[in-house]
Each structure stands twice: as C-alpha cells, then as structure tokens.
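Student: could you work out the structure for the sequence below:
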Amino acid sequence: MKKIIYLDNNATTKVDERVVEKMLPYFSEEYGNPSSTYTFGGNVQHKIIEARETLKDFMGANRVGEIIFTSCGTESANTAIKGVLTANKTKKHIITTKVEHACVLTLYKNLETQFGYKVDYLDVNSDGSLDLTPLENMVTDQTALVSCMAANNETGVIFPYEKLAEIVKTKNPNTKVFVDAVQATGKIKLDVKNTQVDLMGISGHKLHAPKGIGALYIKSGTLLSPLLIGGHQEMGKRAGTENVPYIVGLAEAAKLANDNLGDEATRVKQLRDTLEAGILKSVYNARLNTNVSNRVPNTSNIGFEYIEGELILLHLSDLGICASSGSACTSGSLDASHVLKAMGVPFTCLHGSIRFSLSRFTTKEEIDYTLKVLPKVINKLNNISPFQKELNDLKKLKA
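Tutor: Predicted coordinates:
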C-alpha cells in the first residue's frame, strides 16, 4: 500500500490512538446504560459527567449544564437553529452569512421555502473576511436568530463572532446568536463565557475524535425546543441513550487539542506557510485565494488558473496525496464553491481551487514531498489544458 499524505483535515481527521485507548473499555467492559439505577450503570454516568466538565472547560462555558452531547456538527446546528425558532414561533427573521457550511445554509433555504422565514445574508470581502457593516441595520425586533461560523471551512478565515454577537445584542437583546465552531475547534481557543453568544456547536471528527459525536453549548436561560424527543437524557434537550464510548473519546480529544494549541499556532502554521510559499514560487498560474493573517493555522486555499480542480485532485490522489476542492459535504458537485464565488474569486481559477488542510500529524517530509510533485502535476495539466493552449497560441501570435 502506498503512503498516504493526508492534507484534507478540514473534511475529517485521523482518530488519535490515545483517544481510541480511552474509548475501548466502554465497548466491552463498562458497557452499562448510564440511565440505570445500579452501580454498573452509575459508574458509566460518572464518566459522562467528567466528559461534560471537560467540554465545559474546552469551550469556555460557565456551567457544566450548558453542554449537551450530539451526534455531529450538523445535529448541533439543527438543534440550535430549529430549537430556538420552535421556542419562538412568532418571529420569522434570520440573519446569516453567504459562506456558511451546507448544514446551515441548506437548513435556512428549507426554512425560507417551506416555512416562510425571511433570511438575510451578510457578504464577505474579497479576502474572505466577514463584512459586518450592514449588520446593525439588518437586525429588527422580528429577528429571531443570527448565526455565523467561527472559521470558514474552505478558506480558514476566522470570523469576528464575538463582535457580531455584541452588535446583535446591542440592537436587540432578545435575538439569539448561534456560532458554528466546527472548523475552529482545536485550532484556536474558544471562550464563550466572555462573549454574548447563546449557542455554539462543535464536531468530534474535526479534532481527532471519531465520527458520530459532537457537542452543543447552550447558554443558561436560553429557551430551546429539543430536536430529538423521547427520554430525559441531556437535561431534556436531546433524547436518546448516551453514546458513552464516543463521549469519552470526544473529551479525551478535547484535552489533547487543548494541549496542542501551541503546536497548531507554530509548527502547523509554519508547515502551511511553507506549502503556500513553495507552490506560489514554483507554479506560475497559482493564486492564493486569501492571505489574511486571521486564519486558522492549518488551512490554505490555492487557485490554479485554467485547470479543473477535480483533475488536479485525481492526479494528486494517484501520488498518494489527499486534498479537497472545497467542503467535503459538497464534494462531487460540479458547481463552483459558493464561498469562493461570494469572495469574487476570478472565474479563471474558480473551478481550479484546491483546499489543503493540515493537522498536528502532518510532517515536514509530507510537505516537502507535496512541493516536489505538485508542480509537475500542474505543469502536465497546463500542457493538456485547452485554455492554456489558447493562451500559449495567443502569446505566440503577439510575439
């Protein structure tokens, strides 16, 4: 089997072996139902309490009861959004951004078409940063919810969600604010208690925990109708027998992520910057789609003019390199990235943009190898690209 160089960590991450080790006893030894009254189940319940305490500290919440466990980031977002709107049915206005993840944008489109909600969308600037200028005038007494991501999954740009919440609450203290922090988790410090954010969702498989576990912060006093109705679990906010092994795994992954924030901010960032600089130096038709400093340290989005991105990815895959042309949830779509379109990325490289996303497991040797083979791939594709051929012919005519 050829060596895999995995540069698609915004899609999902390798589960840390230390996380697996913590999870294993809860599959075959400590497998009791945490809702049971006997000691065998009570011991398991105690581990959930410990995990909730860990997530409280990790997200910077005030109280343990402000954290509930979900199955993923999508469920966290749906629980937050639908929960707030169902608890406040009289208000039908929502504000979000044009570059949210599909699990948020698709839900809002559904609320618009099926339930008559009015959704206003904030723009981003050409560098991918969020434009908050019109926000104050957008918020009215009918605005039920404002939401934005903490960091964009395609560009890595960090959004000023603290400032957004401040603007919203100044205009209408009753409007709720939800932050999708899936791509920020484990890459930058979260501290919701020092913000005016009401809800924040995260997903385990973005920070080296397994797929199938997430968490949602719900500020004390926030009215929220549960998405899943049934038993009393998660303080009545999310019914269903708790997924104990995965909850334990998420807590361990959160501890490890917190311990590695310094590594993310230094070594991983340096590797990303090396990758960017190397590509821009060796590939003449490469374009960095955003170079703002306020990015999560692991993410780079680079456009290659006049080349189809899917072709680049196929050639890289043959060489053992995994990357992405955008969000994994929209992979396979022929449409150009809605994020890059909102940024006004030139058409010449809109379909040829590749996202590289690193992790703490990424090595210098892997980046060096990528920089060795990627220019050859692009040069090969340049030679067979009909667009490049036309450009070369035009150059010859002008000469």
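Student: shaky segments in this structure?
Tutor: 1, 326-334, 385-399 (pLDDT under 70).
Student: that one: strands as residue ranges?
Tutor: Along the chain, counting by DSSP state E, strands occupy 5-6, 67-70, 93-97, 118-122, 143-149, 176-180, 199-203, 214-218, 286-288, 299-304, 321-322, 353-357.
Student: neighbours around residue 375, how many?
Tutor: 17 (other Cβ atoms under 10 Å). Using the backbone N, CA and C atoms, a C-beta is placed for each residue, glycine as well.
Student: list the contacts for the nearest residue to it once chain neighbours are set aside?
Tutor: Using Cβ to Cβ, 6 or more residues apart in numbering and skipping the chain neighbours, the partner closest in space to residue 375 is residue 282 (4.3 Å). Applying Cβ atoms under 8 Å, 6 or more residues apart in numbering, we find residue 282 in contact with 371, 374-375.
Student: ok, so of those, who is nearest residue 343?
Tutor: In terms of Cβ to Cβ, no member of the contacts of residue 282 lies closer to residue 343 than residue 374, at 22.8 Å.
Student: what is the burial count for the nearest residue to that closest one once chain neighbours are set aside?
Tutor: In space, residue 374 comes closest to residue 279 once its chain neighbours are excluded; the distance is 6.4 Å by Cβ to Cβ, 6+ apart. Other residues near residue 279 come to 22 when the count uses other Cβ under 10 Å.
Student: thought residue 279 was touching residue 312?
Tutor: No - counting by Cβ atoms under 8 Å, residue 279 stays clear of residue 312, with 11.4 Å between them.
Student: what bridges to residue 97?
Tutor: residue 122 (DSSP bridges).
Student: what residues are up against it?
Tutor: Contacts for residue 97 were tallied using Cβ under 8 Å, 6+ apart; they are 121-124, 130, 148-149, 159.
Student: for residue 157, see how far away it is.
Tutor: Per Cβ to Cβ, to the nearest Å, residue 97 is found 11 Å from residue 157.
Student: overlap of the contact sets of the two?
Tutor: 124, 130.
Student: so how far is residue 12 from the closest residue to residue 299 other than its chain neighbours?
Tutor: For residue 299, ignoring the flanking residues on the chain, the nearest one in space by Cβ to Cβ, 6+ apart is residue 156 at 2.8 Å. Distance, residue 156 to residue 12, using Cβ to Cβ: 16 Å.
Student: who has more neighbours, the two?
Tutor: When neighbours are counted by other Cβ under 10 Å, residue 156 and residue 12 differ, and residue 156 comes out ahead with 26 against 16.
Student: quick check: the more buried one touching residue 302?
Tutor: No - with contact defined as Cβ under 8 Å, residue 156 does not reach residue 302; the gap is 11.8 Å.
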